[in-house]
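What follows is a predicted protein model with its sequence.
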Amino acid sequence: MTGTSFTIPTLETDRLILRAPREEDFAAEYDFFASDASRFVGGPLPDHRTWRALASVIGHWALRGFGFWALEDKATGTYQGRVGLWFPLGWKEREIGWTLMPHATGKGFATEAALVARAHAYDVLGWDTAISQIDPANEASKAVARRLGASYESSYEDPEYGTMEIWRHLSPAAVKEAAQ
């Protein structure tokens, strides 16, 4: 078997660098997934499962050609979390997702990075739609979705996560229209 080669593009916003996830991000991911702050994204998790989750994020790029970027604060170099494009086996549809470290919440980072990720999905990858799958109790994530122009579409029972809400993002045409 031969290895798979892939490239993770680096994107930027005014305040953030969206870069390839690295093993150095594990310490922050471990702290996050060891805490109750991770409850909306499958946590808390022990260290070995957190490491595997990070490896899965990187592997998604190899299998799908897109995935989550690590967010790095331009001013400090600090890891802020991850934002990106997600579509693992069994997922409802292609998703724009975000997971921020507790120290990074409330600063607009998720919205800022998700806008760039969505532009990449639409303008580079040619997506014609996207969702965000959100736990019904995750009000902060719903607020991000609303700031992105997404709207609640439906709920469904995810076999792993239970009841989840589907938030539909604006279409590429609607994004362009809103920008004018």
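Here it is on my side, so go on.

Does the residue lying closest to Leu11 once chain neighbours are set aside belong to a helix, a strand or coil?
Counting by C-beta to C-beta, 6 or more residues apart in numbering, Leu11 lies nearest to Leu18, which is 4.1 Å off, once chain neighbours are set aside. The C-beta positions use only the backbone N, C-alpha and C, and glycine is treated the same way. At Leu18 the chain is in strand, as set by DSSP: H, G, I helix; E, B strand; the rest coil.

quick one: Leu18 from Arg168, how far?
23 Å (C-beta to C-beta, to the nearest Å).

Send me stretch 112-123 as CSV with only the CA atoms.
What follows is stretch 112-123, C-alpha atoms only, in CSV (Å, rounded to 0.1, in the frame of the first residue of the first chain):
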residue,chain,number,x,y,z
GLU,A,112,-14.8,35.0,11.4
ALA,A,113,-13.2,31.6,10.6
ALA,A,114,-16.5,29.9,9.5
LEU,A,115,-17.1,32.7,6.9
VAL,A,116,-13.7,31.9,5.4
ALA,A,117,-14.3,28.1,5.5
ARG,A,118,-17.7,28.5,3.9
ALA,A,119,-16.2,30.7,1.1
HIS,A,120,-13.6,28.0,0.5
ALA,A,121,-16.4,25.3,0.4
TYR,A,122,-18.4,27.3,-2.1
ASP,A,123,-15.8,29.1,-4.2
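
I'd like the average pLDDT over it.
Mean pLDDT, stretch 112-123: 98.

And the contacts of it?
9, 11-16, 18, 66, 69, 71, 83-85, 94, 96, 98, 127-128, 130, 144, 148, 169, 172, 175 (C-beta atoms under 8 Å, 6 or more residues apart in numbering).

Mind checking which of those are in helices?
Applying DSSP state H to the contacts of stretch 112-123, the entries found in helices are Val144, Pro172, Val175.

quick one: contacts for the first one?
Meaning Val144. Contacts of Val144 by C-beta under 8 Å, 6+ apart are Trp98, Ala110, Thr111, Ala114.

I'd assumed the third one was in a helix, is it?
Yes: under three-state DSSP, Thr111 falls within a helix.
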